[in-house]
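1. got a sequence here, can you model it:
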Amino acid sequence: MENSKTDDSTSHLGIRAVFIHLGSSSPKHLWLNLKRHREMFPQVPLDLVLSDKRLRQFVPEGVNVIDYQRTVELDEVLHGLELSPSFRKGFWHFTIERLLVLKQVHMIHPDDAILHVESDVLLMPSFPWQQLKYQRKLMWGRADANEDIAALVFSPNFELTELLTKLITEEMVSNSLTSDMRALRATAKQLPKEKFDYLCFSFEQPSFFGGLFDVLAFGMWLGGMDPSNARGLQTFHISMPHHTVRANEFSYHLIGNKLFAKRGLEQREIFSLHVHSKEPKVFGSNWLETLSKWVGLSKNPLPIRKFVLRGFYAWLRELLVEIFSAKGLVAIWSRLKSLFQ
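-> Below you'll find the predicted structure:
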């Protein structure tokens, strides 16, 4: 792993944000989110791990780029999993692999705490970096009873990051059916209380940060589902019954640039929003305007659907990849049936 340093001499909080992008795709929302982070949180150094050096041309100024190459040993472990290596050019492999990359990032910055941020997670201006820095445990969120989620993964030191990657690797070797979300859940069960805790993601947890870190539910309700998963349709106000947090139980409002969720008489601030739709506008300079529109739409809790051309192109591109794969005819039949359901 090669490290391309930027000027990191300015004083910072002792915590770093880490984005990891594996593969050759060039997601617009990622580049916008990196730029937004640099402008909104100049005191928090930003690392971006890339496996494709050709993507360096899109990286905003001020981002520390780390080049990554998968080892032969890890490749063997990944191909032992029953995850489709062809889906979206290796999507399922990349999602679990990025958790192992955190160890190599932390080796480069052993004196800092690190926070892994998924590319489609919007950090609000009031994000509690100072409070998070002083936590002494591994922390992430829970999606449902069986799966955790890597939207945000915090590690206070290299030793705990090394332990995290060790346990995930062991889970990958022993359970061929695992995924990043299942592996995190299995790891959480193994870690003692003094080494792990969940980030506050629901009203049922103590709010020692003074707010919530969205795992998926709030962002999917407000910003809709990823249109590339639904033939270009972006559907707002979706609440998954199996999710730990039921987004339809809340009302939402903005006070200045702070987002709040309210249920009954209780109200809590939302520090981060997991934007499943990956809508580029909410990561751009007019992010607050877009978020305000979403909050306004949420006053009507009925599902709202919008056709998104970029989502349709992404869905169509994936369809064509499947067509020309070994299982092409089966994929064609499956997609054709879905069009009439």
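2. what's the separation between Met220 and His274?
-> Separation of Met220 from His274 (Cβ to Cβ, to the nearest Å): 7 Å. C-beta here means a position set from N, CA and C on the backbone, and glycine is covered the same way.
3. typo on my end, it should be Lys262
-> Lys262 sits 19 Å away from His274, going by Cβ to Cβ.
4. and what of Val121?
-> Computed as Cβ to Cβ, the Val121 to His274 distance reads 5 Å.
5. what's the first helix or strand after the helix or strand harbouring Met220?
-> Met220 belongs to helix 217-223 when elements are defined using DSSP states H and E. Using DSSP H and E, the next helix or strand after helix 217-223 towards the C-terminus is strand 233-236.
6. quick one: average pLDDT of the helix or strand following that next one?
-> Moving toward the C-terminus from strand 233-236, the next helix or strand (DSSP H and E) is strand 251-255. Here strand 251-255 scores 97 as its mean pLDDT.
7. quick one: contacts of strand 251-255?
-> For strand 251-255, the external contacting residues (Cβ atoms under 8 Å, 6 or more residues apart in numbering) are 218, 222, 259-263, 288, 291-292, 295, 298.
8. one more time with 7 Å
-> With contact meaning Cβ atoms under 7 Å, 6 or more residues apart in numbering, strand 251-255 is reached by 222, 259-262, 291-292, 295, 298.
9. out of these, which are buried?
-> 222, 259-261, 291, 295, 298 (16 or more other Cβ atoms under 10 Å).
10. now for Val121 and His274: what residues contact both?
-> Among the neighbours of Val121, those also in contact with His274 (Cβ under 7 Å, 6+ apart) are Ala151.
11. helices of the chain, start to end?
-> Counting by DSSP state H, the chain has these helices, from start to end: 28-40, 72-78, 91-108, 129-133, 158-174, 180-190, 217-223, 287-297, 309-323, 328-339.
12. most tightly surrounded among those helices?
-> helix 217-223 (a mean of 26; mean count of other Cβ atoms under 10 Å).
13. centre of the chain to that one, how far?
-> 13 Å (Cα atoms, centre = their mean, to the nearest Å).
14. same question for stretch 272-280.
-> Taking mean C-alpha positions (Cα atoms, centre = their mean), stretch 272-280 and its chain are 9 Å apart.
15. which stretch in the helices of the chain is the model least sure about?
-> helix 328-339 (a mean of 63).
16. which residues touch the closest residue to Asp197 other than its chain neighbours?
-> Closest residue to Asp197 apart from its sequence neighbours, by Cβ to Cβ, 6 or more residues apart in numbering: Lys137 at 4.9 Å. Residues near Lys137 by Cβ under 7 Å, 6+ apart: 156, 195-197.
17. buried ones among these?
-> 156, 196-197.
18. from those, pick the one nearest Leu32.
-> Among those, Pro156 lies closest to Leu32 (Cβ to Cβ), at 28.8 Å.
19. got the contact list for Arg263?
-> Here Arg263 is in contact with 203, 249-250 (Cβ under 7 Å, 6+ apart).
20. beta partners of it?
-> Glu266 (DSSP bridges).
21. what's the spacing between it and Ile270?
-> Arg263 sits 12 Å away from Ile270, going by Cβ to Cβ.
22. and for Leu74?
-> Applying Cβ to Cβ, the value for Leu74 to Ile270 is 35 Å.
23. repeat for His37
-> According to Cβ to Cβ, His37 and Ile270 sit 17 Å apart.
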